[in-house]
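>>> Got a sequence here, can you build the structure:
(chains A and B)
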There are 2 protein chains.
Amino acid sequence: MEIIDPTDRTKVMRYRERGRYDRATVNAIIDEALICHVGFDVSGQPYVIPTTHARIDRHLYLHGSVGNRMLRNMKAAIPVCVTMTLLDGLVLARSGMHHSMNYRSAVILGVAREVTEAAEKSAALDALVNHVVRGRTADIRPPHALEIKSTTVLRLPIEEASAKVREGPPIDDEEDYALRCWAGVLPLTLRPGHPIDDPRLPPGVLVPRSVTGYTRVVQSESDITT
Amino acid sequence: MEIIDPTDRTKVMRYRERGRYDRATVNAIIDEALICHVGFDVSGQPYVIPTTHARIDRHLYLHGSVGNRMLRNMKAAIPVCVTMTLLDGLVLARSGMHHSMNYRSAVILGVAREVTEAAEKSAALDALVNHVVRGRTADIRPPHALEIKSTTVLRLPIEEASAKVREGPPIDDEEDYALRCWAGVLPLTLRPGHPIDDPRLPPGVLVPRSVTGYTRVVQSESDITT
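Below you'll find the model as predicted:
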């Protein structure tokens, strides 16, 4: 099991027992999360923007239009924080103080830089699509050269990173367990509904298996090998 | 309809048509989101931390232990950005470029300050619990004085804020509509599973209706009146 050494900035300080520093756990959270929240600073004001991401091995990729304010700022190699959070349930205790949530979160700190090399940029753009629906690039038309040119791709090394995981029932004060108050966990899952055909879909085009059998629990090769 | 005047910092620049500046839309996103991501800066490094929140009228409340690094920093009146994101679906287009997501997000910029007044602090702590499960405080034991003392509550005015909403089918390049590639929307919903009793629950304590009938779509009084 590979450990990502925690730094003063990534070591979990509150609820230390929830800290996870193995790369497999961090990778699994990154890969399951559909979106991340990117934090960056512009003129002393923090911004937190939701966006999509993809991982290839030990790098996280983000993308956007060349005009995008976040990416324009990040291209100057500004420090960023990228956070993924998966909500697994509500932890309902016998006191307000011990209410909590079950979750898995990953935090990556670092400096994102623009990807300029063509092969890496293409691989990252494919990964960004396939991160959302596995194998999706095989079903759609390939990108035009102009589309690739007008998209900025950024790479952030997954080097300074940690995860935080809470699971299980509420932990109440000992004297509260006798109360006749319901306590427990209400599990939460992000679930797909029925696919909605595009109104302009030609007749007879069927929903592919990647969409009908959609699930977020991914077991990627690199999870297994790293 | 009350409009929150956009500033240079909250005006939606990319996909301007997705910008929403009415307070009812911003409030509805804040109220439905179970968690937010708080961005703040420590020594030039941005941090993005998931946490729970609650709204009372025109203020957002955050809380945590007095020892919490984020709250310790925020108490010094540091500028923050709080972002809530609700994922509504995957937008699967005929090209990678036009893949997107349907979502509703809210961004609040401002300076959070500690709540010291006892009545406001109590109301905020109750709101933080009831934000997660409506009416929950009526079912649990009231907080002890020491619990209130050991919890820091912060208040952020919802004054500089905006929302961004994408909905509907993919928008493809005109020439791609003829492709025999499936395109459409896969809706996503955060759904509750079956409540799991705490292993130490006394026999005969039933799951309350607030948990068995759990839903995130809230129609609060202040949504209607503001």
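
>>> As a quick check, tell me the outermost residue of chain A.
The C-alpha centroid of chain A is most remote from A:Ala178, which lies 39.6 Å away (Cα atoms, centre = their mean).

>>> Check what pLDDT the closest residue to that one other than its chain neighbours gets.
Leaving aside its chain neighbours, A:Ala178 sits nearest to B:Pro202 (7.0 Å; criterion: Cβ to Cβ, 6 or more residues apart in numbering or on different chains). Every residue, glycine included, has its C-beta placed from N, CA and C. B:Pro202 is assigned 97 on the pLDDT scale.

>>> Then A:Ser43?
Looking at A:Ser43, its pLDDT reads 83.

>>> What is the burial count for it?
Counted with other Cβ atoms under 10 Å in any protein chain shown, residues neighbouring A:Ser43 total 7.

>>> got it, and A:Glu175?
When neighbours are defined as other Cβ under 10 Å, A:Glu175 has 9 of them.

>>> Regarding it, what are the backbone dihedral angles?
Dihedral pair for A:Glu175: phi -70, psi -10, per degrees, to the nearest 10.

>>> next one: A:Thr212
phi -70, psi -30.

>>> pretty sure it contacts A:Pro195?
Yes - using Cβ atoms under 8 Å, A:Thr212 is in contact with A:Pro195, at 6.8 Å.

>>> Who has more neighbours out of these two?
In this view A:Thr212 and A:Pro195 are compared by other Cβ under 10 Å, and A:Pro195 has more residues nearby, 19 against 13.

>>> The more buried one: what's it in contact with?
Going by Cβ atoms under 8 Å, 6 or more residues apart in numbering or on different chains, A:Pro195 touches A:Val207, A:Val211, A:Thr212, B:Gly184, B:Val185, B:Leu186.

>>> in whichever helix in chain A runs longest, what's buried?
Counting residues, the longest helix found in chain A (DSSP state H) is helix A:118-132. By neighbour count on 16 or more other Cβ atoms under 10 Å in any protein chain shown, the buried set for helix A:118-132 is A:Lys121, A:Ala123, A:Ala124, A:Leu125, A:Asp126, A:Ala127, A:Leu128, A:Val129, A:Asn130, A:His131, A:Val132.

>>> Out of the contacts of A:Pro195, which sit inside helices?
Secondary structure from DSSP H places A:Val211, A:Thr212 of the contacts of A:Pro195 in helices.

>>> Filter the contacts of A:Pro195 down to just the buried residues.
A:Val207, A:Val211, B:Gly184, B:Val185, B:Leu186.

>>> what would these look like in CSV with pLDDT and distance to A:Arg104?
Shown next, in CSV, are the buried ones among the contacts of A:Pro195 (pLDDT from 0 to 100; distance: Cβ to Cβ, whole Å):
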residue, pLDDT, distance to A:Arg104
A:Val207, 97, 30
A:Val211, 97, 25
B:Gly184, 98, 29
B:Val185, 98, 26
B:Leu186, 98, 22
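
>>> Out of those residues, which is nearest to A:Ser95?
Distances from A:Ser95 to those, taken as Cβ to Cβ, are shortest for B:Leu186 (39.5 Å).

>>> Identify the bridge partners of that closest one.
With DSSP bridges as the criterion, B:Leu186 is bridged to B:Leu90.

>>> Identify the residues contacting it.
Contacts for B:Leu186 (Cβ under 8 Å, 6+ apart) come out as A:Val133, A:Pro192, A:Gly193, A:Pro195, A:Ile196, A:Val211, A:Tyr214, B:Gly89, B:Leu90, B:Leu92.

>>> Now for the nearest residue to the fifth one once chain neighbours are set aside: which residues touch it?
Using Cβ to Cβ, 6+ apart and skipping residues adjacent in sequence, the residue nearest A:Ile196 is B:Val185, 4.5 Å away. Under the criterion of Cβ under 8 Å, 6+ apart, the contact list for B:Val185 reads A:Pro195, A:Ile196, A:Asp198, B:Gly89, B:Leu90, B:Val91, B:Leu92, B:Asn102, B:Gly168, B:Pro169, B:Pro170.

>>> Please repeat the previous calculation with a cut-off of 10 Å.
Counting by Cβ atoms under 10 Å, 6 or more residues apart in numbering or on different chains, B:Val185 touches A:193-198, A:211, B:88-92, B:100-102, B:167-170.

>>> same check, this time on A:Thr189
Counting by Cβ under 10 Å, 6+ apart, A:Thr189 touches A:Leu86, A:Leu87, A:Asp88, A:Gly89, A:Arg216, B:Thr189, B:Leu190, B:Arg191, B:Pro192, B:Gly193.

>>> Make a ChimeraX selection of the buried ones in the contacts of B:Leu186.
Filtering the contacts of B:Leu186 down to the buried ones (16+ other Cβ under 10 Å) takes a single ChimeraX command:
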select /A:133,192,195,196,211,214 /B:89,90,92
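
>>> export the contacts of B:Leu186 to TSV and tack on distance to B:Thr52?
Formatted as TSV, the contacts of B:Leu186 follow (distance: Cβ to Cβ, whole Å):
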residue	distance to B:Thr52
A:Val133	30
A:Pro192	26
A:Gly193	26
A:Pro195	32
A:Ile196	32
A:Val211	33
A:Tyr214	28
B:Gly89	24
B:Leu90	26
B:Leu92	32
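
>>> closest to B:Asp8 among the contacts of B:Leu186?
Looking across the contacts of B:Leu186 and measuring by Cβ to Cβ, the closest to B:Asp8 is B:Gly89, at 30.7 Å.

>>> OK, contacts around A:Asp22?
When contacts are counted by Cβ under 10 Å, 6+ apart, A:Asp22 touches A:Met1, A:Glu2, A:Ile3, A:Ile4, A:Ala28, A:Ser162, A:Ala163, A:Thr226.
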